[in-house]
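# turn this into a structure:
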Amino acid sequence: MTRDREEKDHFSRGHSSGSGKSSGNGGSGGKDKMAIRHRHSDGSGNDSSPRHHSDDRHRTRRTTRKGLRIFVGTANLSQAIPDEESLAAFLPNKGKAAYVLNSDVKSSSVVDGVSKKDFNQVDRHGKVEVLVLGFQECLESTVANGLSTAFGGLLSKKGSTDVPAGNTSTKELDAMINAHVGDDYTLMMERLHADMLVYIYVRSDLASSASVTETHVQTSRSKGCSIASTLIVGGTKLSFICMQLKDKEQFVPRKNSTISAGKKATLDQKNATAEEFLSVAGKDPSLSSHHIFVFGDLNYRVSPPSNTRGVTNTFEEEQFIARNMLTKKDWSSISDSDELVQAMKNNDALSAFTTPFCKFHPTYKMQRAAGIKYDYSSMPSYADRILVRSNQEGSRKVEAIVYEPIHQFSTSLHKPMRGLFFLPDRKIHFDPNNEPKAMIITFTHLKGKKLRPKEDILHSDINPYLQFCCDARCVKMSKSSKDRTETTYTTDRPTWPTQTIRYRVDLSSSKRHGDEIKDTLLHIKCMNEGIRGATVLGTAVIDLANVICKSVTKEEWQQREVETYFYRGGRQTGKLYYNIKVRWEENE
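Prediction:
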């Protein structure tokens, strides 16, 4: 087989457009540059230093932005412990950012929209601040068949007395991971549930200002498994939800007449399970946290559309189409046939999130070998994914920088996915010569559109009202204002033209210098008043700190017809429109 040409520096050729002409990640028989740059010294003579260092000596010093570098990796191990070479290709050695951010990065790995300036301003030196790993099917097959739930629900932490004894496979994996991560990280959380394992590490110099507040698990033999945990770093809440959604592919009939119905039933179940797993102990982290990552073996498949005659493709026809698209490296056509992309576009699942465009070969179903060698008994698909959502706006949004599969991983039917994300710092700049002591924030001309109730509620039975809530101590409801609107009846397009909601934000120096203001979120819940009580139709999240940033230098500031969305279970459930006005209050 002819070796695929290795890709040049991403920025030496210009940014990839994501079209079918984009370069791939290399063929099955070629040497992958990724494997070269990620290997570390283990006594075998491999160079532990990233190759870009020699190039950077003669370059001018770059200006780097301050913020958190967050590494998220997901790997379905297919019930086999990875070998050292596979794990070394997957994990950044000792957390070094240069193993992911370097001058040899492939064009297919740099996220669309990331400019050369954006890429270079993320510090590639030192070690990433947060490192999160999720493994699915991590128990070896001899163990997984009978003991897959033996350690479900146990939480372990370094220094804790409740570390599970585990089994041979998990002990071996744990030792390998900790050796690769190194001693400069503090293990904040380790959770083994069923055959899923999740780690959250924070660089040790930040550990004193970090904590894991809550970790929850959900599992269903027919639906899948999830582990959700919230990490707080310096006042910023980061939620990580590792999922594996079950796919009953083996039960989908291959007869032309019933393929479509079988696929739809399977897809509907995955969509419903994804929404169910986003509800953690009655709360939705995608709304309550500042930034949320969903990652794992989501099991969404590539499903080509019907042929030109409108007839559903047979299994054999789909395999032919798959081979043709992969040969042409037609990533756009593959993306158009991706169930997850379509589910997000149609608001069927996870539309509150974003995921980078895949400019590389699908990660499943592979042979257990290095490189790209498919097992065509299953449609090649992007089963392994990382999604992200930010409830903070402006300069405080999480930026996806690098997103790539690890083709040198040789022991699984899946190729792992990893991403390097950047969360910029945000500071509110007050004028020392003209400092307001407080701000009054007023919401008027509130209205909702296209409210989407739960499936068992008719549109004619919607009786909506808005409930405002903010947990920040520096934000208080004005004494002259109520925290909710009046109820409107039998409409999915409610308006409240005469009602005013007013907040007072304390900007006194004792509170201004804390993390509270810069991380303040305001939640507006659209409630449905029913006979048996009120239910939540959806929640809109407003980054109040971003409003303060934009208005703090002006005595009066306003915006009209601001549009945002209500969300529930990771899906849009309606729109919210409002006018907002901010003015200074000089005296307490």
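
# those helices in the stretch 451-588 of the chain, which residues are they?
Taking DSSP state H, counting those that start in this stretch as the criterion, the stretch 451-588 of the chain contains helices spanning 509-512, 544-551.

# and the ones you listed, which one is worst for confidence?
For those, mean pLDDT drops lowest on helix 509-512, to a mean of 55.

# go through the chain and flag its longest helix.
Residue-count comparison of every helix in the chain, with assignments taken from DSSP state H, identifies helix 259-277 as the longest.

# for that one, the distance to its chain's centre please.
The gap between where helix 259-277 is centred and where its chain is centred comes out at 20 Å by CA atoms, centre = their mean, to the nearest Å.

# on contacts alone, who are the packing partners of that helix?
strand 210-220, strand 224-233, strand 236-245, helix 339-345 (3 or more CB pairs under 8 Å, 6 or more residues apart in numbering; DSSP states H and E). (Glycine included, C-beta is placed from N, CA and C.)

# and it with strand 210-220, angle?
On the basis of axes from the mean of the first three to the mean of the last three CA atoms, to 10 degrees, helix 259-277 is oriented at 140 degrees to strand 210-220.

# can you tell me how far residue 507 is from residue 394?
The spacing between residue 507 and residue 394, counted by CB to CB, to the nearest Å, is 19 Å.

# next one: residue 193
Counting by CB to CB, the gap from residue 193 to residue 394 is 37 Å.

# what residue ranges in this structure score low on pLDDT?
Under the criterion pLDDT under 70, the flagged ranges of the chain are 1-62, 140-169, 248-260, 307-310, 431-432, 434-435, 455-460, 509-515, 586-588.

# strands along the stretch 101-250 of the chain, start to end?
130-136, 154-156, 185-193, 196-203, 210-220, 224-233, 236-245 (DSSP state E, counting those that start in this stretch).

# mind checking these for the one nearest to residue 555?
Distances from residue 555 to each of the strands of the stretch 101-250 of the chain were compared using CB to CB; the minimum, 29.6 Å, belongs to strand 236-245.

# pairing partners for that closest one, with directions?
Strands that pair with strand 236-245, judged by DSSP bridges, come out as strand 224-233 (antiparallel), strand 291-297 (parallel).

# pick the most deeply packed of the ones you listed.
Burial among those, expressed as mean neighbours by mean count of other CB atoms under 10 Å, is greatest for strand 291-297, which shows a mean of 27.

# output that one in CSV with nothing but the alpha carbons.
Listed in CSV are the C-alpha atoms of strand 291-297, where the atom choice follows Å, rounded to 0.1, in the frame of the first residue of the first chain:
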residue,chain,number,x,y,z
HIS,A,291,-18.2,25.4,31.3
ILE,A,292,-19.2,21.9,30.5
PHE,A,293,-17.5,19.0,28.6
VAL,A,294,-19.3,15.9,27.4
PHE,A,295,-17.0,13.2,26.1
GLY,A,296,-16.8,9.5,25.6
ASP,A,297,-18.0,6.8,23.3
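
# tell me how far it lies from the chain's centre.
Averaging C-alpha positions (CA atoms, centre = their mean) puts strand 291-297 4 Å from its chain's average.

# which element follows the longest helix of the chain toward the C-terminus?
If you walk from helix 259-277 toward the C-terminus, the next helix or strand you reach (DSSP states H and E) is helix 285-288.

# what's that next one packed up against?
With contacts taken as 3+ CB pairs under 8 Å, 6+ apart, helix 285-288 sits against strand 236-245, strand 291-297.

# which stretch among the strands paired with strand 236-245 comes nearest residue 270?
By CB to CB (comparing all of those), the closest turns out to be strand 224-233, at 8.2 Å.

# the closest one to strand 185-193, inter-axis angle?
Angle between the axes of strand 224-233 and strand 185-193 is 160 degrees (criterion: the same axes, to 10 degrees).

# which helix or strand contains the closest residue in space to residue 497 that isn't next to it in sequence?
Ranked by CB to CB, 6 or more residues apart in numbering and with sequence neighbours excluded, the top spatial neighbour of residue 497 is residue 445, at 6.0 Å. Applying DSSP H and E as the criterion places residue 445 in strand 438-449.

# buried residues, that strand. List them.
For strand 438-449, burial by neighbour count (16 or more other CB atoms under 10 Å) applies to 438, 439, 440, 441, 442, 443, 444, 445, 446, 447, 448.

# helices or strands next to the longest strand anywhere in the chain in the packing?
Among the elements of type strand in the chain, defined by DSSP state E, the one spanning the most residues is strand 571-585. Contact analysis of strand 571-585 by 3+ CB pairs under 8 Å, 6+ apart lists strand 438-449, strand 521-530, strand 533-543, helix 544-551, strand 556-568 as its packing neighbours.

# same thing but at 7 Å, please
Packed against strand 571-585, as judged by 3 or more CB pairs under 7 Å, 6 or more residues apart in numbering; DSSP states H and E, are the following elements: strand 438-449, strand 533-543, helix 544-551, strand 556-568.

# before I go, just wanted to say thanks for your time.
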